[in-house]
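**Q** need a structure here:
(2 chains, ligands or ions: 2)
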Amino acid sequence: MAVQSIPVIKMVGITKHFGKVIANDDVTFELFPGEIHGLLGENGAGKTTLMNILYGLHQPDQGDIFVHGQSASIKSPHDAIQIGIGMVHQHFMQVPTQKVVDNVILGLKSAGKMLLNRDAARKRLMDISENYSLKVDPDAYVWQLSIGDRQRVEIIKALYRDIRVLILDEPTSVLTPKEIEELFHTVRKLVESGLSVIFITHHLEEALSITDQITVLRNGKVVGTIPTGSTDKRECASMMVGREVLFRLKREDGGGYEKHEVLRVENLSAVNDRDTPALRGISFNVFSGEIVGIAGVDGNGQSELVQILTGLRSISGGRFWVEGKEMTRASPKTILQHGVGHIPENPDDGLIAEFNLVDNVMLNMHDVPPYSQRGLLDKNKMVEKARELIQAYDVRTPNEKVKARTLSGGNKQKLIVAREISRNPRLLIAAHPTRGVDIGAEEYIRNLLLQKRHEGMAILLISTKLDEILSLSDRILVMERGRFMGEMSREMANIEKIGLLMAGSEA
Amino acid sequence: MANLSRIDLRAQIKHLDLAEIPSWLSTALIVILAFLLGGLVILAIGANPIVAYLSLLQAAFGDVNGFAETMVKACPLMLAGLGIAMAYRAKFWNIGAEGQIYAGGILAAVVGIHLAGLPRVFLLPATLLAGVLGGTLWGFIPGLLKARLKVNEVITTLMMNYIIIQLTAYLVTGPMRDTSSGITISPQLDPAAWLPIVIPKTRFHLGILLAIGSAFLMSWLIYKTVLGFQVRAVGEQSRTARFAGIPVERTIIWTMIISGALAGLAGGIEVSGVQHRLVEAFSPGYGYLAIAVALLANLEPIGVILSSILFAALLNGADAMQRAAAVPIPVIYVIEGIVILFIAIRILRRKSN
Ligand SMILES: Nc1ncnc2c1ncn2[C@@H]1O[C@H](COP(=O)(O)OP(=O)(O)OP(=O)(O)O)[C@@H](O)[C@H]1O
Ligand SMILES: [Mg+2]
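**A** Numbers count the residues shown, from 1 in each chain, chains lettered A, B, ... in the order given. Ligands and ions are numbered 1, 2, ... in the order given. Here you go, the predicted structure:
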């Protein structure tokens, strides 16, 4: 990297408060042409805030931004795009009822003309798609797409606007290993053609393999910027956390209780939102004190399965039982009260943005003692519980009275996990339980799942992270196009085997 | 130290986010701005805004009678405003408070007329309860249609307004007409069904206190009970509420039962406390103005007390302003219009945030 060259982006002395919280504290950050720059830090360290400032979504209290050496005032995402900065958030801003091509040109000044000339837009879209290996169908409707597809649409949308700098905020947390490889491929092509990329992630291996430089934030401050080649996982981790991280899971067997079947699923079939078959007659069971992992590329029926088991989707065939009681057509509430916990795959479905943390912790507990008696809420008990969970799960927040939307992405997830596990369900349906959380929290949550398993909880684990599936599960089921491609015990499983099954070939 | 915190403060003020302004403050700003702009209009037509506003204030609150009349108008606005606030908390866009008022008025009149002779301790509560029942029914139907069949509530509530207003007209010209009267009104309710007057020699009736009590009751309901929690959750993010096992459909139905009950009580009180009979068009659009009342109050029950009094004062003081300052009554509509415009802007701003 030519150190003497002028940085594409230079942020100097950026400070940003939210009320009393300092999200960014005198942050200086430089991005050079053709560089992939990793941004690391614990949940709530200020990564998203810093990038939102660069993208014009927040205004800094202090500090300056220079683009190609020129002082820039970025008041809105529109300004950012004008000077060549694009950002892909974890939550996409897309219109589900429109086609991909329309979503890509949506909001463009020339959109009016473009609509008349959709063919030109489609052609340009296809060019981008081809040049950077971003395969999408321009005429598909967004609601039909998987998360990976939607992310590609979002990247194309940015590239369509001729940006020079692309910010990716935790792009890999929703992807499968294969999709991550594809994304890396795309990112490398982008820098080859002269773009610079800022890459936020909690996965140190990813950061180490794709980036050129790494900047670590802690409590809003820059801890340091180092060339990727001269660092390793342990150094990054201790820079992030401020102490050694152990990367160790405690797995104990046998809890001295009799194992019994907690979840029994027979011949379940269902259709998805597109009215095509999502589940094609699957059967399985989960015992107490057991973690059953479901691996598979997103969009192969996992979401539908979870929705059915939690009463959120209707079934076209088959039945299921929880603790011997049939729940096939039960309401979400009945299922919940029968001892089923649910960590939803999308954190937005787990928290109400405008509710404070107390009410969010209470979403599925407010109607039972001791939090309410005869229809009356007991605020003191509610606050007490919320404080307890915030403390135990290290949710970074000034207090429990703030709205959930002010939490950083990973802290939202921690709060949801805290709520669901603390209810001590007999069956926990955990969809991507560590999505978006930092390494420390990931370790904490995984250990907690293992501990709960030890205590006899039955856990159905859905995850796109194969290492998570492999390190936690007792049994692994691989899902592909609505069927199970195979079942294997923990001892028999390895990444290659699962990868093959996920791709649809029989083992 | 002191220096540091000053920088802090300045930085915060510099980036004061409009969305972070507390809602009561934005409400106060809206009202002040509306009066300032209204003042400009008054200036433009060659009158003195200060004189105009003083005469308005004088008429609305200046003496016992003016105050009582303001409160008489505030009462239905308050109750219907509470009903609207309840529905909108659950994001149920109820346009039907007007119809629910009429439904309450009709049933109250039926009971107050036909059960004449009963002692007051029975008849008065029965009359008011009949009002509640009428409103409940008229709110429950669109609630049920939405919850079970996903029928758009804006259309159903609006249509049900027309139905019940026409029904009132039919009743007072036909089945319930007081044949001894030259105009189309029902006979009087039994005086035992009348709400007692609280301030002698005025029309300030007990219903006003009931309305204020209802506001506190609703505030308690929304913030302190399981149902209120669920209503707020469904209104904020119904998908997440459903995920958390909150029965969304049932909550919507309960919301509309309460919403309708409050507006129905407004109708019952209007008949029992003010008109003492069923009269065609006895509500001059209270149910519609109540939408502005609820929105200005940010759907806060206690705020509804204040905003309903504000709108009632405008209604009540308009006449006086015309007489004393030669300011035509429509100027009041201009001020109301500006308030509503600002409310709309506030809602849109929040949405975009
Ligand atoms: N709109 C907001 N209002 C109040 N506080 C906020 C807001 N946005 C962020 N914060 C706070 O600023 C801090 C930094 O948040 P940020 O989202 O930048 O963290 P992050 O590094 O992206 O974390 P994560 O890895 O969890 O995504 C957090 O303490 C968060 O609570
Ligand atoms: Mg973030």
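**Q** Now do the strand or helix carrying A:Leu183: which elements does it pack against?
**A** Assigned by DSSP states H and E, A:Leu183 belongs to helix A:177-192. Contacts defined by 3 or more Cβ pairs under 8 Å, 6 or more residues apart in numbering or on different chains; DSSP states H and E place helix A:177-192 against helix A:147-160, strand A:196-200, helix A:204-210, helix A:495-502. From N, CA and C alone the C-beta is placed, and that goes for glycine too.
**Q** wait, doesn't B:Ala59 sit right on B:Gly66?
**A** Yes. Look at B:Ala59 against B:Gly66 with Cβ atoms under 8 Å: they come within range, at 5.2 Å.
**Q** overlap in contacts of those two?
**A** B:Asn316 (Cβ atoms under 8 Å, 6 or more residues apart in numbering or on different chains).
**Q** Give me the more crowded residue out of those two.
**A** B:Ala59 (23 against 19; other Cβ atoms under 10 Å in any protein chain shown).
**Q** can you confirm that one is in a helix?
**A** Yes. B:Ala59 forms part of a helix when assessed by DSSP: H, G, I helix; E, B strand; the rest coil.
**Q** so how far is B:Asn65 from it?
**A** According to Cβ to Cβ, to the nearest Å, B:Ala59 stands 10 Å off from B:Asn65.
**Q** Nearest spatial neighbour of A:Leu450, chain-adjacent residues omitted?
**A** A:Arg251 (5.5 Å; Cβ to Cβ, 6 or more residues apart in numbering or on different chains).
**Q** What does that neighbour show for phi and psi?
**A** When quoted as degrees, to the nearest 10, the phi and psi of A:Arg251 stand at phi -120, psi 110.
**Q** Give me the distance between it and A:Arg446.
**A** Applying Cβ to Cβ to A:Arg251 and A:Arg446 gives a distance of 10 Å.
**Q** Just want to know which of the two has more residues nearby.
**A** A:Arg446 (18 against 15).
**Q** Please, which helix or strand holds the more buried one?
**A** Assigned by DSSP H and E, A:Arg446 falls in helix A:439-454.
**Q** could I have that helix exported to PDB, CA atoms only?
**A** These are the backbone C-alpha positions of helix A:439-454, laid out as PDB (Å, rounded to 0.1, in the frame of the first residue of the first chain):
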ATOM      1  CA  ILE A 439     -16.500 -12.600  20.400                       C
ATOM      2  CA  GLY A 440     -16.900 -12.300  24.200                       C
ATOM      3  CA  ALA A 441     -20.700 -12.400  24.000                       C
ATOM      4  CA  GLU A 442     -20.600 -15.200  21.500                       C
ATOM      5  CA  GLU A 443     -18.500 -17.300  23.900                       C
ATOM      6  CA  TYR A 444     -20.800 -16.400  26.800                       C
ATOM      7  CA  ILE A 445     -24.000 -17.300  24.900                       C
ATOM      8  CA  ARG A 446     -22.600 -20.600  23.600                       C
ATOM      9  CA  ASN A 447     -21.400 -21.600  27.000                       C
ATOM     10  CA  LEU A 448     -24.800 -20.700  28.400                       C
ATOM     11  CA  LEU A 449     -26.600 -22.900  25.800                       C
ATOM     12  CA  LEU A 450     -24.300 -25.700  26.800                       C
ATOM     13  CA  GLN A 451     -25.000 -25.200  30.500                       C
ATOM     14  CA  LYS A 452     -28.800 -25.100  29.800                       C
ATOM     15  CA  ARG A 453     -28.400 -28.300  27.900                       C
ATOM     16  CA  HIS A 454     -26.600 -29.800  30.800                       C
END
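**Q** right, is the following helix or strand past that helix up against chain B?
**A** Remark: after helix A:439-454, the chain's next helix or strand is strand A:458-462, criterion DSSP H and E. No. Applying Cβ under 8 Å from any Cβ of the partner chain, one finds strand A:458-462 out of contact with chain B, separated by at least 15.2 Å.
**Q** The very next helix or strand once past strand A:458-462: which residues count as buried?
**A** Per DSSP H and E, the first helix or strand lying C-terminal to strand A:458-462 is helix A:466-472. Buried residues in helix A:466-472, counted by 16 or more other Cβ atoms under 10 Å in any protein chain shown: A:466, A:468-470, A:472.
**Q** Out of these, flag the one nearest to A:Glu455.
**A** Checking the buried residues of helix A:466-472 against A:Glu455 by Cβ to Cβ gives A:Leu472 as the nearest, at 14.8 Å.
**Q** isn't that closest one right up against A:Leu449?
**A** Yes. The pair A:Leu472 / A:Leu449 is scored as a contact, 6.0 Å apart, by Cβ under 8 Å.
**Q** Mutual contacts of those two, please.
**A** In contact with both A:Leu472 and A:Leu449: A:291, A:461, using Cβ under 8 Å, 6+ apart.
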